[in-house]
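In: Here is my input, please return the structure:
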Amino acid sequence: MRFMVLDWQAELDRARAQLAAFLNAPADQLVFLPNATYGVATALSAARIEAGDELLTTDHAYRACKNQLLRLAEARGARVVVAELPWPFDPEAAVRAIAAAVTPRTRLALLDHVTSPTALVLPLLQILPHLRGVQVLVDGAHAPGQLDLDISALLAAGVTWYAGNNHKWLCAPKGTGFLVTTTHVHPLVTSHGASPEYGPPNRLHAELDWMGTYDPAPYFAVPTAIHTVADLGGGWPATRAHNHALALELRRRLGGTPLGPDDSIGSMAAFPVELPAGATPRSIEDALLRDGWEVPIVDFYRGPLVRVSAHLYTQASEGDALAAKLHALGVRPRDHLR
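Out: All right, here's what the predicted structure looks like:
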């Protein structure tokens, strides 16, 4: 109890400051949350949405976050508009597709920084000028450690909220996400911080740092994860460059057809495949997991995809072994995009 009463807030603030420095984000506007999906839910709960409004997203949106958007639209009498991104992916055409979907009724846009199903980096700084006056929520679940993030620049360009995860390329424990916000948001669980006399002077931190008793150790571990991966990889720029090159090599060894230009991917790459008769993406992924392979088989609406990820612990030769395993399961690379 002495730690939780006297030391906990200072330790959390130190971890927050180091994460904020890594993300180039304002620490006073950053809160730790269990994951990016939780951050998206927290931001959406604060969004100004009324009946007849339009909520914009893309056809590459993460399913869990799109479900939240649909539920919000239903509750408020709004409508979800889905912008169809070019296929194959082209950054400039993607900007035009999103801009064309904006109408006078557009009140909110939910955009992935790195798309989960297709592993593509959206050109946010080129998209944001087309969203002036629109609340912009960025799902950056896959971005920290994969991209050279400058969240402050994104906020200045018009982003309202940015949610991310630390358990992916930062290798921090699961349960360590964050939300950066330009507005005051209320926690999904109201606790002591709702009382004005409770907690630190920063009311955002007072309300969201403590939403009931939990184990703060995963958050305290985030700075150690950031520094450890940097030490192992020769610094974060070198680590990102290594992972990007390895992702391209893994895709090559697997015979994957690119979904877009190489500079539109970070540390992971997806490519289309054909599944054997009677198989589903889930059944193939389950079979891989049972044999020790952790590889998403994405059930994308344009056809199944294999998504490979690259990090310091991944070897290029594993691409050859995975190719053999997929072949044994009857999975074949597809040399065209539907």
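
In: any chance you could map the helices in the stretch 151-300 of the chain?
Out: Taking DSSP state H, counting those that start in this stretch as the criterion, the stretch 151-300 of the chain contains helices spanning 151-157, 203-208, 217-220, 222-233, 236-253, 281-290.

In: isn't T257 right next to V273, touching?
Out: No: in terms of CB atoms under 8 Å, T257 does not count as a neighbour of V273; the distance is 9.4 Å. For every residue, glycine as well, the C-beta is placed using N, CA and C.

In: Looking at these two, which is more packed in?
Out: Neighbours were counted for T257 and for V273 using other CB atoms under 10 Å; V273 has more, 22 against 14.

In: any idea how far E318 is from that one?
Out: Computed as CB to CB, to the nearest Å, the V273 to E318 distance reads 17 Å.

In: With respect to C171, which of the helices of the stretch 151-300 of the chain lies nearest?
Out: The closest approach between C171 and any of the helices of the stretch 151-300 of the chain, judged by CB to CB, belongs to helix 222-233 at 5.1 Å.

In: Show me the domain layout of the chain.
Out: Following automatic domain parsing, one finds the domains of the chain at 2-229, 235-331.

In: Reformat these as TSV; add distance to R338 and mean pLDDT.
Out: As requested, the domains of the chain are exported to TSV (distance: least, CB to CB, whole Å; pLDDT from 0 to 100):
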stretch	distance to R338	mean pLDDT
domain 2-229	8	96
domain 235-331	5	97
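
In: Turn those domains into CSV, including distance to L337.
Out: Formatted as CSV, those follow (distance: least, CB to CB, whole Å):
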stretch, distance to L337
domain 2-229, 6
domain 235-331, 6
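
In: tell me the strands in the stretch 1-150 of the chain, going along the chain?
Out: In the stretch 1-150 of the chain, the strands defined using DSSP state E, counting those that start in this stretch lie at 30-33, 54-58, 79-83, 106-112, 135-140.

In: Please identify the most buried of those.
Out: Ranked by average neighbour count under the criterion mean count of other CB atoms under 10 Å, these are headed by strand 135-140 at a mean of 27.

In: what lines up beside that strand in the sheet?
Out: Partner strands and pairing direction for strand 135-140 (DSSP bridges) are strand 106-112 (parallel), strand 161-165 (parallel).

In: Export only the CA atoms of the first one, formatted as PDB.
Out: In PDB, the C-alpha atoms belonging to strand 106-112 read as follows (Å, rounded to 0.1, in the frame of the first residue of the first chain):
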ATOM      1  CA  THR A 106     -18.700  14.000 -42.200                       C
ATOM      2  CA  ARG A 107     -18.000  14.500 -38.500                       C
ATOM      3  CA  LEU A 108     -15.500  11.900 -37.700                       C
ATOM      4  CA  ALA A 109     -12.800   9.800 -39.500                       C
ATOM      5  CA  LEU A 110     -11.300   6.600 -38.100                       C
ATOM      6  CA  LEU A 111      -8.100   5.900 -40.000                       C
ATOM      7  CA  ASP A 112      -5.400   3.200 -39.500                       C
END
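
In: coming back round to it: what sits in contact with each of T257 and V273?
Out: Taking CB atoms under 8 Å, 6 or more residues apart in numbering as the contact definition, T257 and V273 share the neighbouring residues 333-334.

In: Tell me what the closest residue to A109 other than its chain neighbours is bridged to.
Out: Distance criterion CB to CB, 6 or more residues apart in numbering; nearest residue to A109, sequence neighbours excluded, is L56 at 4.3 Å. With DSSP bridges as the criterion, L56 is bridged to V81, A109.

In: G177 now?
Out: The bridge-partner assignment for G177, based on DSSP bridges, gives L33, N165.

In: what's the neighbour count on it?
Out: Going by other CB under 10 Å, the residues that sit close to G177 add up to 27.

In: What of W87?
Out: 15.

In: Surely it and G303 touch.
Out: No: taking contacts as CB under 8 Å, W87 lies outside contact range of G303: 10.2 Å.

In: Identify the contacts common to those two.
Out: Common neighbours of W87 and G303, using CB under 8 Å, 6+ apart, do not exist here.

In: OK, contacts around the residue most central in space within the chain?
Out: Nearest residue to the geometric centre of the chain (CA atoms, centre = their mean): A141, 1.7 Å. By CB under 8 Å, 6+ apart, the residues touching A141 are 35-37, 62, 112, 114, 116, 163-165, 168, 177.
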